[in-house]
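> Using only what follows, build the 3D model:
(2 chains, ligands or ions: 2)
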Amino acid sequence: MKQALELKVNGQLYEVFVEPWQSLAEVLREELGFTGVRVSCNTGDCGSCTVIVDGKAVKSCLMLAPQAKGKEIITIEGLAQDGKLHPLQEAFIDHFAVQCGYCTSGMILMAKTLLDESPDATEEEIRAGLSGNFCRCTGYVKIVEAIMAAKEKMNFAR
Amino acid sequence: MTHSVVGKSVTRLDALAKVTGQAKYCTDIKLPGMLHAKVLRSPYAHARILSIDTSKAEKLQGVRVVITGEDVPPKRFGASVFDQHVLARSVVRYVGDPVAAVAADTIEIAERALELIHVEYEGMPAVFDVEEAWQTSPAAVVHPDLPEYQLAKFPSLQLVPERPNVCNYRTVRCGDVEKGFQEADLIIENRFTTPRIQHCPFEPHVCIAQLEADGSLTIYAGRQSIFLAKQYLCSLFELPPSKIRVIASYYIGGGFGSKVTLYTEPIAVVLAIKTQRPVRLAYTREEMFASGGTRVPFVIHIKDGVKRNGSIIARKMMMLLDMGAYAGSGPFITRNSIYGIVAGYRLPNLKVDAYAVYTNQPIVASFRGFGTTQVVWAIESQMDIIAEKLKMDAVELRRKNLLKEGDMNATGEIVHSIGLRECLDKVADLIEWDKNTKQEKGSWKRGKGLALGNKYSMAPTAAVGVVKVLEDGTIEVRESADEMGQGCITVLAQIAAEEFGVSMDRVKVVWGDTNFTPYFSRGSTSQRSTFNLGNAVRLACQDAKRQLCEIATQKLQAPPEDMDIKDGKIYVRSERSKAIDIKELFTAERELLPGEFGNYVEKKGEVVGKAVSVTPAAPSDPLTAQIPSDIARQGGRLTAFYGYAAQAVEVLVNTETGEIKVERIAAATDVGYPLNPKMCEQQIEGGVSMGLSSALWEEVVLDRGKVLNPNFRDYKVASASNMPKIDNVKVSIVIAPHKDGPYGAKGTGETQMTPTAPAIANAVYNAVGVRIRDLPMTREKIIVGKRHKNEGQQKKQAR
Ligand code: FES
Ligand code: FES
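Ligands and ions are numbered 1, 2, ... in the order given. Here you go, the predicted model:
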């Protein structure tokens, strides 16, 4: 039976009707149209569906939608503020960290929580922090470079 | 030659959409009334279908149709051998073979319906091992009717009547190998294998099929090569080309070769015809592993005859390629794998026998490298074995045997645009080849290794480019290469910007719709978009410019030959001050009548430049693969070009646990000329990491044909933490301009994948003395190899 559920996504409230077993990824994508949430494995093993829930990176294919009730959800669509890209988004563009783009949303959101939690993360720590977010295209070199560059920029702005 | 836009690392056109989540993929498309499909698959590797009862499934609420083999065309389809029905009609040939399909209101209902379908099977003997399947009396014949099957016109295939599972046999004969072996000082013989691996594109296969009111079909697909799909579907459903439209005008979430043949499309089409509703079929990750296509596993016997001075005077290779149950592009790979053998080294005497062999294993597909990766694995491992036997430096041995510009390779092609020597020197330098490796204490051992690689691009091919000049002066490129992450839209836009002398923001690219974008034979495959389509777009720009100049004659009062175009303006060369904006050509030359509007070009309507770029292939002898020498002398080639690469790595190997860590990588690729250097680096780094992953871990593990690891937990692909530190990955681009490439460019999506695994294997040998011949290089293999080595040494000492 579908039930009404209120979700707060990128600062806005949405009311949706969902089955209790529907994943957050599915509801965000299929019901609310946040298709920037990419589902690649649907089993919690690749990280492409990563979103931020109350400040923590979450694999949204593993979380049930009702579990996100009352929480702040950030998807890739909500990262740019007032039409200005987040430094991570800028760095991913400038450092050519994007190829097919399917892992990109998850990668950027994962990097954001990493840097939010430890603004001075070393390359090693960034690498380890990304170990659950796979990318089949880039070989990670440019992704790590981009995150390091964004880190500098974010710390400078602080 | 100085260029203003090509040769520069301009920002990717798709990057903004991808970092903001706005990018759309086939997966994101929803159509009104769309149904969802699911496929019931065979649990057996080889069985006869006795009966299928779909009645319960049909009664489930929300199920709109259930189809079985009886509902699909009696015709078979395939990329080279027409060996596959849309759904199995009486026999299933691998675990995962589609048996029935459901279209329902939701995915969940479709899934439940599958559980209600009852199929009765009768088991048949199966054959899993390619060497067994290749025998004259194998345990099972996968396609007993093979001799009656229709074969694709290209490439031409050769069956072997006494070997019933062989669906293509390809040979090379050059010189006299037996004589070469007699003259050799050293004969070295080895057997190498590569496993079945999956491409793991991040967007799994997906399509939506829709039947239009006029009986035509529209297919939205997350795939490579829309025109190939159109051709396949026309043939399968016996429809004229005008009745099928294939769309991929959005982004594709990676391909790597997996999205070239048909998977989801035929099933979705049958369901759409039955229901008269749009039907979406999306594979799960698990289905990708079981039925989404895999890289062709090779068994390679290689025998070399070598002179004491290091020159290879004879090489003989016998290769068995495991096609799985349906051959897909496998027979094509069998044919083309020989190019990887002849590309880099001088081989005066060469004999190759390659067999495509059916087994009851999962189906195969093209895969980044298209057979070259597998042959390079054997050859480059063998080169190090030879070097050791001769007590010769591995770099030196390779240098000694390299082909160079103007040489003739073993198929008779005249070598052109070969930056291989430079690639080799570069990586040897970057990895400090001449410096001894510093050894660690304890169980970690350090070693260095390197390997060369190459990848041809196929011929013959044709590409059509269309360039439309819009009323605001924007240049619109229309093309049919698939944007799957490799960046073709950016490169093609750079070419148009260069030709028109405008900045990138004055160019727009429209792609991927067989109704509106021009023909591109095989789409983005064989690392060919830059080369083939790049040429076509360049010529199309020139055509459009010519037209603009003609149209401007009246306004500029000058002959078109005296005009040129730059910065959105047409100007007179002999009188620079005479110039008009392209925009102005779109306003009427007379005064508009009240209510009339302009925005078109008087008389011509619109300005559309068009061009075709054809890359021909020379004929070659079907048995020897040789080009007739007169044609070779005139520059006749079997391939469009060869990309070349070298890679050197430094590894740490743990002698206790067998773990391998790749510490440093130096990769060099000859790209012809880099149209966008950063994007070339992307391809190189991607090839390095996919190569590393395939070298160390990747293998689709099978038990009687069933995939045991169909997920990213049990099938490991490289993560960020498996890659060396960014400063330890050194990438260099080697320039060796190709006379036929746009601005000298060649393609480079595949090349750097090829040397990765042997470079690592050679480094592992250097570190711990264990020679790995069978990929992947798992811990067990290292430990077992180490043990054998120790036992061998003990025996030697005891003697
Ligand atoms: S889609 Fe959620 S982790 Fe892969
Ligand atoms: S860019 Fe394709 S998976 Fe990361």
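
> Every contact and neighbour count from this point should use C-alpha atoms.
Will do.

> quick one: the top helix by length along chain A near ligand 2?
If you go by DSSP state H, chain A has its longest helix at helix A:141-157. No. Using CA under 6 Å from any ligand atom, helix A:141-157 stays clear of ligand 2, with a minimum separation of 8.9 Å.

> in the lowest-mean-pLDDT helix or strand in chain A, what's buried?
Lowest by mean pLDDT, DSSP states H and E among the helices and strands of chain A is helix A:141-157, with a mean of 95. By neighbour count on 16 or more other CA atoms under 10 Å in any protein chain shown, the buried set for helix A:141-157 is A:Val141, A:Lys142, A:Ile143, A:Val144, A:Glu145, A:Ala146, A:Ile147, A:Met148, A:Ala149, A:Ala150, A:Lys151, A:Met154.

> Enumerate every residue touching B:Ile631.
Neighbouring residues of B:Ile631 by CA atoms under 8 Å, 6 or more residues apart in numbering or on different chains: B:Ala618.

> my read is it is in a helix, agree?
Yes. Per DSSP: H, G, I helix; E, B strand; the rest coil, B:Ile631 lies within a helix segment.

> if we can go back for a sec, and the longest helix of chain A, how far out from the chain's middle?
The chain centroid and the centroid of helix A:141-157 are separated by 16 Å, computed with CA atoms, centre = their mean, to the nearest Å.

> ok, stretch B:513-524 near chain A or not?
No. Against chain A, stretch B:513-524 shows no contacts by CA under 8 Å from any CA of the partner chain, the least distance being 13.5 Å.

> Go through chain B and flag its longest helix.
helix B:534-556.

> Put the alpha carbons of it into PDB.
Extracted in PDB, the C-alpha atoms of helix B:534-556 (Å, rounded to 0.1, in the frame of the first residue of the first chain):
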ATOM      1  CA  GLY B 534      36.600  14.200 -37.800                       C
ATOM      2  CA  ASN B 535      37.500  14.100 -41.400                       C
ATOM      3  CA  ALA B 536      33.900  14.200 -42.500                       C
ATOM      4  CA  VAL B 537      33.000  17.100 -40.300                       C
ATOM      5  CA  ARG B 538      36.100  19.000 -41.500                       C
ATOM      6  CA  LEU B 539      35.100  18.500 -45.100                       C
ATOM      7  CA  ALA B 540      31.400  19.400 -44.300                       C
ATOM      8  CA  CYS B 541      32.600  22.600 -42.800                       C
ATOM      9  CA  GLN B 542      34.500  23.400 -45.900                       C
ATOM     10  CA  ASP B 543      31.400  22.700 -48.000                       C
ATOM     11  CA  ALA B 544      29.300  25.000 -45.800                       C
ATOM     12  CA  LYS B 545      31.900  27.700 -46.100                       C
ATOM     13  CA  ARG B 546      31.900  27.400 -49.800                       C
ATOM     14  CA  GLN B 547      28.200  27.900 -49.900                       C
ATOM     15  CA  LEU B 548      28.300  30.900 -47.600                       C
ATOM     16  CA  CYS B 549      30.800  32.500 -49.800                       C
ATOM     17  CA  GLU B 550      28.700  31.900 -52.900                       C
ATOM     18  CA  ILE B 551      25.700  33.400 -51.200                       C
ATOM     19  CA  ALA B 552      27.700  36.400 -50.200                       C
ATOM     20  CA  THR B 553      28.800  37.300 -53.700                       C
ATOM     21  CA  GLN B 554      26.100  39.700 -54.300                       C
ATOM     22  CA  LYS B 555      26.300  41.500 -51.000                       C
ATOM     23  CA  LEU B 556      30.100  41.600 -51.000                       C
END
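
> Give the rounded mean pLDDT of that helix.
Mean per-residue pLDDT for helix B:534-556: 96.

> Quickly run through the sheet partners of the next helix or strand after that helix, with directions.
The helix or strand immediately downstream of helix B:534-556 is strand B:563-566, counting by DSSP states H and E. Paired with strand B:563-566 in the same sheet, following DSSP bridges, are strand B:569-572 (antiparallel).

> mind listing what's buried in the partner strand?
Quick answer for strand B:569-572 (16+ other CA under 10 Å): B:Lys569, B:Ile570, B:Tyr571, B:Val572.

> Between the residues you listed, which sits nearest ligand 1?
B:Lys569 (49.2 Å; CA to the nearest ligand atom).

> so who does the closest one touch?
B:Lys569 neighbours (CA under 8 Å, 6+ apart): B:Ala579, B:Ile580, B:Asp581, B:Ile582.

> quick check, the first one in a strand?
In other words, B:Ala579. Yes. Per three-state DSSP, B:Ala579 lies within a strand segment.

> Who are the contact partners of it?
Applying CA under 8 Å, 6+ apart, the residues near B:Ala579 are B:Leu556, B:Lys569, B:Ile570, B:Tyr571, B:Val572.

> how many neighbours does B:Lys445 have?
Counted by other CA atoms under 10 Å in any protein chain shown, the residues lying close to B:Lys445 total 20.

> now do the one 4 residues further on
A total of 27 residues lie near B:Gly449 under the criterion other CA under 10 Å.

> so it touches B:Ile760, yeah?
Yes. Assessed by CA atoms under 8 Å, B:Gly449 is found in contact with B:Ile760 at 6.2 Å.

> Overlap of the contact sets of those two?
By CA under 8 Å, 6+ apart, the residues touching both B:Gly449 and B:Ile760 are B:Ala648, B:Val649, B:Glu650.

> so what strands line up beside the host helix or strand of the last one?
Secondary structure here is read from DSSP H and E; on that basis B:Glu650 sits in strand B:639-654. Strand pairing for strand B:639-654, determined by DSSP bridges: strand B:444-458 (antiparallel), strand B:660-672 (antiparallel).
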